[in-house]
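Peer 1: structure for this input, please:
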Amino acid sequence: MISIIGAGRVGSTIGFLVAAASLDDVVLVNRNKNKAIGEALDIVNVVPRNSSISVTGTDDFEYASDSDVVVIAVGAGKIVGDRSDLIPYTVPIIHEISKKISRYSDNAKVVVVTNPVDVITHYILKETGLSPKNIIGMGSSLDSDRFRYLLSKVLHTDQSKIESLVLGEHGNSMIPIFSTAKFNGKPVNLSENQMTCITNDVRNYWKPLIGLKGASVFGAAKHSYDIIQAIIKNEKLKVPASVLVKGEYGISDVCIGVPVSIDDYGASIEKINLDDDELNSLKTSADVIKNNIKKI
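Peer 2: Residues are numbered from 1 along each chain as shown. Now for the predicted structure:
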């Protein structure tokens, strides 16, 4: 069973994808019971005819008991300068959710969508006591696709020909990894000015998106769905995601976007080679996250 906590636009779209693919039974949990029930009534209309999947909307976390995957997609507050602005609004909600995860679904894999993703992922890990491999923050995989899109525009090609990776905070200190970026399987060749512009555009991608439509929905839902599918179907997925590092890349005791492999075991960190500037930037990004954790 897959439980999605937060039946807003992102949570509901994740539920839509899961139901349409018949991955598992879906429970939508929201403080607004009517909202959860209404979203469930809508999502059941995408369930394939040959599927026995069920979709339930509720405000009672007990319905999420023994979930295989719990997706945290709650949202509160407003971003002004960066995602850390949301800490005072989201942490109290996550505190209550963490207690319920520990009580009802302590064997679940937890996929974190709520911002600031890295801070919230670390907080859930500490509050629930779950294994670090079971707490996965979705952020850097979305940033990597945004990087891929921006590279495709600069290189005048389509996204399918681009390979790209973003590591670090899902925030203003994220690091596009130009040293591993490829176009048609070959390293990209960009000027310093181009790389600076792309880095700024990746970090600020959210600003015009939120300004134009209010929230990122489809990208966040799709990348969360990919993680869910890898866990439920035990299909190895290699993406960057926010997990607890314990000395990898010279960083410890913080959840940060690094390359991982995800399957039904959870997330395993994979080491890749970074140039000196990228490695130093990753360590700086880790310090930013640690400073934000101290705000809790």
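
Peer 1: which stretches of this protein form strands?
Peer 2: Applying DSSP state E to the chain gives strands spanning 2-5, 26-29, 55-58, 69-72, 109-112, 135-137, 162-163, 166-167, 175-176, 182-183, 186-187, 237-246, 252-263, 266-269.

Peer 1: Throw these into JSON lines and include mean neighbour count, distance to L279 and mean pLDDT, thanks.
Peer 2: Using the backbone N, CA and C atoms, a C-beta is placed for each residue, glycine as well. JSON lines is the format used below for the strands of the chain (neighbours: other Cβ atoms under 10 Å; distance: least, Cβ to Cβ, whole Å; pLDDT from 0 to 100):
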{"stretch": "strand 2-5", "mean neighbour count": "30", "distance to L279": "35", "mean pLDDT": "96"}
{"stretch": "strand 26-29", "mean neighbour count": "27", "distance to L279": "40", "mean pLDDT": "96"}
{"stretch": "strand 55-58", "mean neighbour count": "21", "distance to L279": "44", "mean pLDDT": "96"}
{"stretch": "strand 69-72", "mean neighbour count": "28", "distance to L279": "30", "mean pLDDT": "97"}
{"stretch": "strand 109-112", "mean neighbour count": "27", "distance to L279": "25", "mean pLDDT": "98"}
{"stretch": "strand 135-137", "mean neighbour count": "31", "distance to L279": "21", "mean pLDDT": "98"}
{"stretch": "strand 162-163", "mean neighbour count": "20", "distance to L279": "20", "mean pLDDT": "96"}
{"stretch": "strand 166-167", "mean neighbour count": "26", "distance to L279": "10", "mean pLDDT": "98"}
{"stretch": "strand 175-176", "mean neighbour count": "27", "distance to L279": "9", "mean pLDDT": "98"}
{"stretch": "strand 182-183", "mean neighbour count": "16", "distance to L279": "20", "mean pLDDT": "96"}
{"stretch": "strand 186-187", "mean neighbour count": "10", "distance to L279": "18", "mean pLDDT": "94"}
{"stretch": "strand 237-246", "mean neighbour count": "22", "distance to L279": "13", "mean pLDDT": "97"}
{"stretch": "strand 252-263", "mean neighbour count": "22", "distance to L279": "12", "mean pLDDT": "97"}
{"stretch": "strand 266-269", "mean neighbour count": "20", "distance to L279": "15", "mean pLDDT": "97"}
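
Peer 1: and the spatially closest residue to K290 that is not a sequence neighbour, what does it touch?
Peer 2: Take K290 and drop its neighbours on the chain: the residue closest to it by Cβ to Cβ, 6 or more residues apart in numbering is V254, 5.3 Å away. V254 sits next to 118, 122, 244-245, 286, 289-290, 293 when contact means Cβ atoms under 8 Å, 6 or more residues apart in numbering.

Peer 1: run the last query once more with 6 Å
Peer 2: Listed by Cβ atoms under 6 Å, 6 or more residues apart in numbering, the contact set of V254 reads 286, 289-290.

Peer 1: which one of those sits in the busiest neighbourhood?
Peer 2: Within the contacts of V254, most neighbours by other Cβ atoms under 10 Å means I289, with 27 neighbours.

Peer 1: ok, so of the contacts of V254, who is nearest I93?
Peer 2: Comparing the contacts of V254 against I93 with Cβ to Cβ places I289 closest, at 19.6 Å.

Peer 1: in the stretch 51-200 of the chain, which spans are helices?
Peer 2: 87-104, 117-128, 140-154, 192-203 (DSSP state H, counting those that start in this stretch).

Peer 1: dump the strands of the chain into CSV; add distance to I97 as well.
Peer 2: Listed next are the strands of the chain as CSV, based on distance: least, Cβ to Cβ, whole Å:
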stretch, distance to I97
strand 2-5, 6
strand 26-29, 9
strand 55-58, 14
strand 69-72, 6
strand 109-112, 10
strand 135-137, 13
strand 162-163, 35
strand 166-167, 27
strand 175-176, 30
strand 182-183, 39
strand 186-187, 43
strand 237-246, 17
strand 252-263, 16
strand 266-269, 19
